[in-house]
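J.: kindly generate the corresponding structure for this input.
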Amino acid sequence: MAGDETKKLQDISIHDNFVEASRIPFSINKEPVGNGYCVAFVQNNGFEHLRGDANVWIQYINSDTPSVGSVVVLDEGEIGHIAIVLMVYSDSILIAEQNYFGRWIVDERELSLDYERIIGYIL
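T.: This is a model prediction of the structure:
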């Protein structure tokens with residue numbers, strides 16, 4: 001029995017060079033919210049205590065490493081951009097965002113971990 005438990009843990013823990021737990025999508029509210037901008041979307045998904053336009057969120061960065069449920073701060077658009085990390089892969093992240101393609105448009109994108117516009121992450 002103990003051998004079976006160990007095998008099961010091994011089977012579900014490591015896969016394709018990344019932790020299996022990071023492959024489980026983070027559940028968020030993907031409905032358009034607020035004024036239609038990225039900040040309102042991120043605040044509505046667990047970060048309501050942080051304030052300011054996306055470019056101000058640079059001050060909240062506390063990690064260079066993404067994790068599921070964290071905020072990615074990006075150097076995109078006129079005043080920056082922020083999004084929620086849904087999944088972490090070995091070489092990319094899947095994000096959910098609002099206002100990348102237009103106000104009140106919620107979408108998902110996959111970004112390479114070496115994408116030059118990633119500034120950092122907020123855990």
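J.: for His49, see how far away Pro66 is.
T.: 20 Å (CB to CB, to the nearest Å). The way it works is simple: take the backbone N, C-alpha and C, and place the C-beta from them, glycine included.
J.: between those two, which one's more packed in?
T.: Ranked by neighbour count (other CB atoms under 10 Å), Pro66 and His49 place Pro66 first, with 24 against 7.
J.: which helix or strand contains the more buried one?
T.: For Pro66, there is no host helix or strand (DSSP states H and E).
J.: for it, which residues are in contact?
T.: 72, 85, 88, 93, 113, 121 (CB atoms under 8 Å, 6 or more residues apart in numbering).
J.: and of those, the nearest to Asn99?
T.: Val72 (14.3 Å; CB to CB).
J.: re the thing from before, report the buried members of the contacts of Pro66.
T.: With burial judged by 16 or more other CB atoms under 10 Å, the buried subset of the contacts of Pro66 is 72, 85, 88, 93, 121.
J.: does the first one touch Leu113 like I think?
T.: No: with contact defined as CB atoms under 8 Å, Val72 and Leu113 do not form a contacting pair (10.4 Å).
J.: among the buried ones among the contacts of Pro66, which are in strands?
T.: Secondary structure assignment by DSSP state E places 72, 85, 88, 93, 121 of these in strands.
J.: ok, what's across the strand from the first one?
T.: Spelled out, it's Val72. Beta bridges link Val72 to Ala83, Tyr121, judged by DSSP bridges.
J.: contacting residues around the closest residue to Ile119 other than its chain neighbours?
T.: In this structure, Ile119 finds its nearest non-sequential neighbour in Val73, 4.6 Å apart by CB to CB, 6 or more residues apart in numbering. Residues near Val73 by CB under 8 Å, 6+ apart: 54, 57-58, 60-61, 80-82, 118-122.
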